[in-house]
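1. after the sequence you'll find the predicted model.
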Protein chains: 2
Amino acid sequence: MAGTARNPVKSTRTTFTVLDGLKELDGAGVTELATHLDVPKSTVHSYLSTLEEEEWVVKDDGVYRIGVRFLEYGAHARSRTDVYTTAKPEVDRLAEETGNLSNLLIEEHGRGVYLHRGEDTRAIQVNTRVGTRVYLHSTALGKSILAKLPEPRVEAILDRHGLPEVTPNTITDRAELAAELEEIRERGYAVDDEEQVQGLRCISAPIVSASGRVLGSVSVSGPTHRFKGTYFTETIPDSVMEAANVIELNLTYS
Amino acid sequence: MAGTARNPVKSTRTTFTVLDGLKELDGAGVTELATHLDVPKSTVHSYLSTLEEEEWVVKDDGVYRIGVRFLEYGAHARSRTDVYTTAKPEVDRLAEETGNLSNLLIEEHGRGVYLHRGEDTRAIQVNTRVGTRVYLHSTALGKSILAKLPEPRVEAILDRHGLPEVTPNTITDRAELAAELEEIRERGYAVDDEEQVQGLRCISAPIVSASGRVLGSVSVSGPTHRFKGTYFTETIPDSVMEAANVIELNLTYS
DNA sequence: ATAAGCGTTCAGTATGAGCGAACGGCCGTC
DNA sequence: GACGGCCGTTCGCTCATACTGAACGCTTAT
């Protein structure tokens, strides 16, 4: 499957280790980052000064930060996606219509990546930043994708990443997950009951192409105290499934 | 100024050369990218397989593409900007109010980087993607920043990047630019008359912090045939300056 | 004045980046 | 159905270079 590189470029790995460190520390000096990564500071300095010279990183008052130039890669990659352009307006509309947070997710390397977030003034704020990666088994968005993925792909993904327990509610048993996926296929939508974030519930539906391939999933999420009763079991699911449906239709006719 | 790295990491440079190649070609195979970059294919293969293993790049059917994971870096960098969060809603409002395209730009390494684009259904579509870098002298957004930057900084930037002619209308003379910057300071807003993109006009105003530092600039742009008369010399400038002003006020009280 | 902490420089050494050539699988073609 | 070309991948050699600890100079705090 994922053929491990035989001639890996160590410096490429280190480059991103450095960038990740900068992200985690939210900007740092040479010494600070060196201790954080447990790497000699002369080494860190080499990478940082190279990255700064190439304009991927900004140095301000001795503090190095990730440059906004990276937006270019992100926007490029996103626009190259099958769903983004068509789904975006619908995801925004979904947030407005329901007065909650809506999201668009796609699968990449067996994990989920948030592509877009629809916000509404009435929606509670959660820190799901675009580009954030999540496990597929612990979110409604991920589970609705898994439900539509071919069986062997699902197995490969679970083998690779396992079923880490994100919250006490996370499904950590493969058989239990398989049963849930079957239920999702019958019902048409997936439910996340505080399996990824405590106090947060979520309803999601997959986006499937005309040829039967899963392209991603949409969701609406909100606090447990608001997401209950028929609102949670009927109103929201209906809106989400309709949105997914509209996206699928727009995709086939364009 | 920009202290050149004494111990540059060549592999870091190569890594981004490879990624840039992937972006330009909009996804490519090993051989295709190798010819494009004029680098041995075994070398390209090393980098691509490493990047794929580290999940920065996606391999699909023998075609390598930049992964959406990069959105994470972009969103991170943007959010830790001084202006983004405060300016975003105002930039969106500006697009709606005027029915045109609005933009938010900041300076980085002497060039401009688009942080956000406000769209309106009535607006014409231009391919200014978020993260795109532009010269400061050839755009209204850039010029309004230059107008508020300290003189020596402006000199350093012009020394570094020169004044490349982007379109026939681009200002390529330093004295002429200096005069225009003075005019911008008096008037309070900058004008771009097809200096960056042919057929496109643009009005921009700088966003200045309470301490007098330029944090970025906002703009509204539209086609030449619509941007003329008092609409171009009064209506639009007023809206843009008001938006910049609101952003400045919101920044000081938060 | 002094010391501590920082970013930066330096030069030596082990390593791994870079490379050409060869391999093997997957097409389309004759 | 055998052949030839194309592509991704592997391999092992060689020299460039990533990596390091120690030293330098600068700023800031004491």
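-> Good, I have the coordinates.

2. quick check: closest non-adjacent residue to whichever residue of chain A sits closest to DNA strand C.
-> Closest to DNA strand C within chain A is residue A:29: 2.1 Å, counting by CB to the nearest atom of the strand. Every C-beta, even on glycine, is put in place using the N, C-alpha and C of the backbone. Closest residue to residue A:29 apart from its sequence neighbours, by CB to CB, 6 or more residues apart in numbering or on different chains: residue A:62 at 5.4 Å.

3. buried ones in stretch A:32-52?
-> Across stretch A:32-52, burial judged by 16 or more other CB atoms under 10 Å in any protein chain shown covers A:32-34, A:37, A:39, A:41, A:43-52.

4. with stretch A:169-186 instead?
-> A:170-171, A:177-178, A:180-181, A:184.

5. how about stretch A:75-92?
-> For stretch A:75-92, using 16+ other CB under 10 Å, the buried residues are A:75-78, A:80-81, A:83-84, A:86-88, A:90-92.

6. how about residues contacting that stretch?
-> Under the contact criterion CB atoms under 8 Å, 6 or more residues apart in numbering or on different chains, stretch A:75-92 has outside partners A:102-104, A:106, A:115-118, A:207, A:209, A:215-216, A:218, A:243, A:246-247, A:250-251, A:254, B:23, B:26-27, B:65-71, B:74, B:129-131.

7. looking at those, which are in helices?
-> When DSSP state H defines the helices, the subset of these inside them is A:243, A:246-247, A:250-251, B:23, B:70-71, B:74.

8. what is the nearest of those to residue A:58?
-> Nearest to residue A:58 among the ones in helices among the contacts of stretch A:75-92: residue B:74, at 13.5 Å, using CB to CB.

9. I figured the closest one hits residue A:67, correct?
-> No - using CB atoms under 8 Å, residue B:74 is not in contact with residue A:67, being 9.4 Å away.

10. circling back: filter the contacts of stretch A:75-92 down to just the buried residues.
-> Here, 16+ other CB under 10 Å leaves A:102-104, A:106, A:115-118, A:207, A:215-216, A:218, A:243, A:246-247, A:251, B:23, B:27, B:65-71, B:74, B:130-131 buried among the contacts of stretch A:75-92.

11. ok so, going back, quick one: which of the buried residues of stretch A:169-186 sit in helices?
-> A:177-178, A:180-181, A:184.

12. kindly reformat those as a markdown table containing distance to DNA strand C and pLDDT.
-> What follows is these, written out as a markdown table (distance: CB to the nearest atom of the strand, whole Å; pLDDT from 0 to 100):
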| residue | distance to DNA strand C | pLDDT |
| --- | --- | --- |
| A:177 | 32 | 98 |
| A:178 | 30 | 98 |
| A:180 | 35 | 98 |
| A:181 | 30 | 98 |
| A:184 | 33 | 98 |
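
13. which one of the residues you listed is nearest residue A:159?
-> Using CB to CB, these come closest to residue A:159 at residue A:177, 13.0 Å.

14. what number of residues lie near the spatially closest residue to residue A:122 that is not a sequence neighbour?
-> Distances taken as CB to CB, 6+ apart place residue A:99 nearest to residue A:122, at 4.1 Å, with adjacent residues excluded. Using other CB atoms under 10 Å in any protein chain shown, residue A:99 has 13 neighbouring residues.

15. mind checking pLDDT for residue A:99?
-> What the model reports as pLDDT for residue A:99 is 96.

16. and it, how far from residue A:150?
-> Residue A:99 sits at a distance of 36 Å from residue A:150 (criterion: CB to CB, to the nearest Å).

17. try residue A:134
-> 21 Å.

18. which of the buried residues of stretch A:75-92 sits closest to residue A:142?
-> When the buried residues of stretch A:75-92 are compared against residue A:142 (criterion: CB to CB), the nearest one is residue A:83, at 15.3 Å.

19. return only those of the buried residues of stretch A:32-52 found close to DNA strand D.
-> Among these, the residues within reach of DNA strand D (CB under 7 Å from any atom of the strand) are A:39, A:41, A:43, A:46-47.
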